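Participant: Provided below are the primary sequence and the corresponding predicted coordinates.
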Number of protein chains: 2
Amino acid sequence: MKINANYGSLEESYLFSTINKKVEAFQAAHSSASVIRLGIGDVTLPLCETAVRAFSLAALEQGKADTFRGYGPEQGYGFLREAIQNYYASFGVTLSPDEIFVSDGAKSDIGNILDLFDEDNTVWIPDPVYPVYRDTNQMAGRKIVYLNATKENDFLPMPDFTQHADLIYLCSPNNPTGAVYTQTQLKEWVRYALEQDAVILFDAAYEAFVSSPELPRSIFQIPGAKECAIEFCSLSKTAGFTGTRCGYTVVPEALKRNGFSLRKMWLRRQTTKFNGVSYPVQRAAEAVFTPEGMQECKAHLQVYQKNALQIANTLSELGIYYTGGIHSPYIWMECPHSMKSWEFFDDLLERAHVVGTPGSGFGVNGEGFFRLTSFGTPQATQEAMERFRAVYTR
Amino acid sequence: MKINANYGSLEESYLFSTINKKVEAFQAAHSSASVIRLGIGDVTLPLCETAVRAFSLAALEQGKADTFRGYGPEQGYGFLREAIQNYYASFGVTLSPDEIFVSDGAKSDIGNILDLFDEDNTVWIPDPVYPVYRDTNQMAGRKIVYLNATKENDFLPMPDFTQHADLIYLCSPNNPTGAVYTQTQLKEWVRYALEQDAVILFDAAYEAFVSSPELPRSIFQIPGAKECAIEFCSLSKTAGFTGTRCGYTVVPEALKRNGFSLRKMWLRRQTTKFNGVSYPVQRAAEAVFTPEGMQECKAHLQVYQKNALQIANTLSELGIYYTGGIHSPYIWMECPHSMKSWEFFDDLLERAHVVGTPGSGFGVNGEGFFRLTSFGTPQATQEAMERFRAVYTR
């Protein structure tokens, strides 16, 4: 018996547990302090009414013999795949329902997609990064090359055409930096992937935050991307599905490697190792994509967008460098006074009673940076920014 | 770019599509014939009332800010893990909630668990078999040795102590044969696994059909099993969750290999590649394990059990060899008059207008056998058996 020894080389992540311990210790020592958390990546507003109605009705359908549904298609019901198809069409991307796979969330698919690729591939991953890209590849023992995302490139690394990659992770709008690739930049990435026969794994989980039609919400808005990219998306941030669980992955028919259709491989993977998403959850997701659902979700998104803008404006006012804040729920700021990430964490907690996430937790290039999120309430966000201003005005 | 070439060696399964084509062709040629399907592995009765109530209430909770739940624990909410812990206690198995992992179904976990094991392991898989065991290992290129399940061993293969295995799949009550291992037989398997340092992957998806306290419902009823087994279970058949999606996997704390805790590895795998089951689905699952829920589910199970008994009694009457029928929703019968599996499929459809599943679709040892299921309505099952009797009485 040999276990997968790659698990031995995984680093334990203490990021969020350390944050929690520090906050608890501070709260114990300062019981009257009201701590505001702008560190979490989870939404706080409930599901929209239209989705909740569809969700609970479908749950009741499961209790009656004539409306009960057993095993559904592993890749998702046609009604939901068509709703997603229409959603993509609304920003100019033409897909067939067969290219759309419904799942329980982008995180699962981002991990599981690696089943399709040999372990002997070179993987490019930006740094700083959502840790799942790194950990899932380390679990399979793949060679990882980090792409430096720094202040110099606005945290948007571009391809080096003299180097070879097989798999490339891009996340735009980015977690944790909030940076968004332009059409021109993504065209360059597609050109690189086509030239190198690489596959781009495009994480579009935050696409709903993009508020300018100039900026791409999908890699498939770039010509040629269907020959070199897989896209992951989710209702977690679009519609508050973090606890309801529904996402989708697009594997275009045109994507072939070594004579294999990656769409067919993924279909085979999912029919073998997945049994589809809960039927009532799929009905809730379908409701999100109706005109009423979209309108209600937009109203929720606007709450977060206003929070983000408030944080961004405060930083601008204070002359602090940041990315994100617009087109993203995240604000990635440089720590004031050249503080290191954890140093600033302590300082912010101690002096403003505000909690964020140290950038160094996302990779070596995150050192000296800090992530704030817009998922708090407007009141808490405003209060946090007032304190922030009071403490960090030069 | 190299894709995972093991996908190229996977056999396409045409079993259920061929069945459907044959039935459609028959129906087209005999439009007045009323065809009864006893081939499906899906339940037909709805969720029990108690589960539906909890499910729809929790869906409504997701629509209110003060009851809304975002990201939950990847391994499942404490309330559900404790309910499962109590369920196991009801048949004498003591588990800690930390050893229980809630998932979207046994099929996902049975596939994903292989992430923890090196590709260089020898895997024992019974034949005939649920195809997922075979396909998921072929996807990773593992060496598979088939265990012959035949009439001679009542379709319950036992270990050969002169041979070495690393991973062993056992499914009891078995799909497709309905055969159930005894305590004595499972003790022998545990003794073998401990001696060889192997890990048993125990599929208990049909445990709720076991109606005798003498027969094990869990491998953990066997002393020593916590040092050598992982168990997969599901609410699909227990409570009709095939379309609602919830299962659970037990990885005992005592299970270590190469100095690693497999429980910790699985926790790491799930926190990295999974985001937990939908909160309302977990509430529905919790309700299944209440006294009311259990009673309602039992009433549904009894409908299937009566169907199974009716099929079994018909076969006994006709002097046809079979396994299952009791302690299982499946009846695995020898084809009459030494017919081959597909020959009998055609004969049964043509003469009795009844559909089942050819045993050869589950492996080479399935040739000459046939699977009937008890998931139809009592009326349809009775009618099917009357036709069966009319055609196959010697």
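Facilitator: Now that the structure is in, tell me what you want to look at. Residues are numbered from 1 along each chain as shown, chains lettered A, B, ... in the order given.
Participant: how near is A:L255 to B:I84?
Facilitator: Counting by C-beta to C-beta, to the nearest Å, the gap from A:L255 to B:I84 is 40 Å. (Glycine included, C-beta is placed from N, CA and C.)
Participant: Pick out whichever of these two has more residues nearby.
Facilitator: When neighbours are counted by other C-beta atoms under 10 Å in any protein chain shown, A:L255 and B:I84 differ, and B:I84 comes out ahead with 24 against 21.
Participant: After the helix or strand hosting the more buried one, which helix or strand is next?
Facilitator: Remark: B:I84 resides in helix B:78-90, with elements defined by DSSP states H and E. Following helix B:78-90 in sequence order, the next helix or strand is strand B:100-103 (DSSP H and E).
Participant: Report the strands that pair with that next one, each with its relative direction.
Facilitator: Taking DSSP bridges as the criterion, strand B:100-103 forms sheet pairs with strand B:247-250 (antiparallel).
Participant: any residues touching the partner strand, and which ones?
Facilitator: B:76, B:84, B:88, B:95, B:99-109, B:113, B:205, B:218, B:220, B:230-236, B:241, B:266 (C-beta atoms under 8 Å, 6 or more residues apart in numbering or on different chains).
Participant: Can you give the distance of it from its chain's centre?
Facilitator: With C-alpha atoms, centre = their mean, to the nearest Å as the basis, strand B:247-250 stands 12 Å off its chain's centre.
Participant: What of stretch A:339-357?
Facilitator: 24 Å.
Participant: Same check on stretch A:46-63?
Facilitator: Relative to its parent chain, stretch A:46-63 has a centroid offset of 25 Å by C-alpha atoms, centre = their mean.
Participant: For that stretch, buried residues please.
Facilitator: By 16 or more other C-beta atoms under 10 Å in any protein chain shown, the buried positions in stretch A:46-63 come out as A:46-48, A:50-63.
Participant: in the stretch 101-250 of chain A, what residue is nearest chain B?
Facilitator: Here the stretch 101-250 of chain A gets closest to chain B at one residue, A:G111, 3.1 Å apart by C-beta to the nearest C-beta.
Participant: what's that residue in contact with, if anything?
Facilitator: Listed by C-beta under 8 Å, 6+ apart, the contact partners of A:G111 are A:V132, A:T136, B:T272, B:K273, B:F274.
Participant: Quick one: neighbours of the third one, just the number.
Facilitator: B:T272 is surrounded by 21 other residues when neighbours are defined as other C-beta under 10 Å.
Participant: ok, it - contacts?
Facilitator: A:G111, A:V132, A:D135, A:T136, A:M139.
Participant: Ranking by neighbours, what's the top pick from the residues you listed?
Facilitator: Result: A:G111 is most packed of these (other C-beta under 10 Å), 24 neighbours.
Participant: Doesn't that residue lie inside a helix?
Facilitator: Yes: checked against DSSP: H, G, I helix; E, B strand; the rest coil, A:G111 lies within a helix.
Participant: can you pull the pLDDT of it?
Facilitator: Listed pLDDT for A:G111 reads 97.
Participant: The contacts of B:T272 in helices, which ones?
Facilitator: Taking DSSP state H, the ones among the contacts of B:T272 that sit in helices are A:G111, A:V132, A:D135, A:T136, A:M139.
Participant: quick one: which two of those are the most distant?
Facilitator: Using C-beta to C-beta, the ones in helices among the contacts of B:T272 reach their maximum pairwise distance at A:V132 and A:M139, which is 10.4 Å.
Participant: The residue of the stretch 251-394 of chain A found nearest chain B: how many residues sit nearby?
Facilitator: Proximity of the stretch 251-394 of chain A to chain B (C-beta to the nearest C-beta) peaks at A:K273, 3.1 Å away. Residues near A:K273, counting by other C-beta under 10 Å, number 21.
Participant: Skip the chain neighbours and tell me the closest residue to it.
Facilitator: Closest residue to A:K273 apart from its sequence neighbours, by C-beta to C-beta, 6 or more residues apart in numbering or on different chains: B:G111 at 3.1 Å.
Participant: Distance check, that neighbour against B:T136.
Facilitator: From B:G111 to B:T136 the distance is 5 Å (C-beta to C-beta).
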